[in-house]
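Trainee: Take a look and give me a structure for this.
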Amino acid sequence: MGHVPLKVKKAVFPVAGLGTRFLPATKVLPKEMLILGSKPLIQHAYEEARAAGIEEFVFVSSRDKSLIESHFRPHSALHQTLTERHKTAELASLQDSTADEGRISVVYQDEPLGLGHAVWCAREAIGNEPFAVILPDDVVIGSPCLAQMIKAYEEVGGNLVAVENVPRAETCKYGVLDIEHDGGRLISVRGLVEKPEPAQAPSTLTIIGRYILQPEVFDHLSSAVKGVGGEIQLTDSLAKLIGVQPFHGFRFEGKRYDCGNSIGLLKANVAYAMNDNAAVGPLAEFLRDALNSNTASQQYSRAL
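Mentor: Residues are numbered from 1 along each chain as shown. Model (predicted):
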């Protein structure tokens, strides 16, 4: 019988970013609190982790983002009002956004030194066990991404990163896999390159915001070596684990949306509504009427 990897019970959510691409909305409101459907992005990420069996949720935040933590706390007055008014559906929604006591912890990233630094800030909360990382900006609509990854991790262990192909011109935005063997769902990796220029990219298979990692990554992150953009890149430390521990890319089912920009968030909201039986009819009717209007037709023709 093969070695059974340790269960993944903790997840890290890097949420300290400034969200400048959404200004002025994010002047006060954290970008992770922007709405997809009827829930903020951070709740979608939290629910995805919870559905995958995660038991402890570590937010790497900044000291002026207390709204994120407040969102998951109990709201006694609201709960009482909804109970008295027999608002059962609303009560269920409130409960979905309320974390169990002690399940959520917050650590602070006081300087914007990159994703690698954000993950390193969670080292004491994680300890010496495997953990997941979820970037709330990356939303996967369809089968829950992390739950798929957990099943694959139970087969192969080690480090696992969710991947998808992008146009070669966009490889400069991502960590890119140097592929050893492409097995379809699982890809064995011989190298990683952070934000390569398209001509130098070893492939077009790129990492999105879902990771299952071993705690040894903290040993490399502790050296605080800065990479592309003068930031401490998570990809650089992960690359040092290749050949030391099993390392795979994972092709997930579902459609990923980059909600770190306004167009991506808009697309995700449309896709989310199209998967909602109650919303799909009215939305389809609205879009049909909007696209048939003279102004929209002219703008659409110019865009093409």
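
Trainee: Please, which helix or strand holds residue 203?
Mentor: Assigned by DSSP states H and E, residue 203 falls within no helix or strand.

Trainee: thinking it is in contact with residue 180, fair?
Mentor: No - look at residue 203 against residue 180 with CB atoms under 8 Å: they stay out of range, at 10.8 Å. (Glycine included, C-beta is placed from N, CA and C.)

Trainee: neighbour count winner among those two?
Mentor: More crowded of residue 203 and residue 180, by other CB atoms under 10 Å: residue 203, with 20 against 14.

Trainee: The more buried one: what's it in contact with?
Mentor: Residues in contact with residue 203 (CB atoms under 8 Å, 6 or more residues apart in numbering) are 176, 177, 178, 179.

Trainee: Return the distance of it relative to residue 242.
Mentor: Shown here: residue 203 relative to residue 242, a distance of 14 Å by CB to CB, to the nearest Å.

Trainee: if we can go back for a sec, okay, and the common contacts of residue 203 and residue 180?
Mentor: Counting by CB under 8 Å, 6+ apart, nothing touches both residue 203 and residue 180.

Trainee: secondary structure element for residue 180?
Mentor: Going by DSSP H and E, residue 180 is part of strand 175-182.

Trainee: one step back: let's have the contacts of residue 203 in TSV, adding pLDDT, neighbour count and distance to residue 37.
Mentor: Formatted as TSV, the contacts of residue 203 follow (pLDDT from 0 to 100; neighbours: other CB atoms under 10 Å; distance: CB to CB, whole Å):
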residue	pLDDT	neighbour count	distance to residue 37
176	92	27	31
177	93	27	31
178	91	16	37
179	92	17	35
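
Trainee: and of those residues, the nearest to residue 196?
Mentor: Distance ranking of the contacts of residue 203 against residue 196, using CB to CB, places residue 176 first at 5.6 Å.

Trainee: how about residue 255, phi and psi?
Mentor: When read as degrees, to the nearest 10, the backbone of residue 255 gives phi -110, psi 130.

Trainee: In this model residue 140 seems to touch it, though I could be wrong.
Mentor: Yes - here residue 255 lies in contact with residue 140, judged by CB under 8 Å, at a distance of 6.9 Å.

Trainee: Of those two, which one has the most company?
Mentor: residue 140 (23 against 14).

Trainee: Just want the phi and psi numbers for that one.
Mentor: For residue 140, the backbone dihedrals (degrees, to the nearest 10) come out as phi -110, psi 120.

Trainee: Spit out the contact partners of it.
Mentor: So residue 140 contacts 48, 162, 208, 210, 252, 254, 255, 256, 257 (CB under 8 Å, 6+ apart).

Trainee: pLDDT score for the residue nearest to residue 227 when sequence neighbours are not counted?
Mentor: Among residues not flanking residue 227 along the chain, residue 233 sits closest, at 3.9 Å (CB to CB, 6 or more residues apart in numbering). Note on residue 233: pLDDT of 86.
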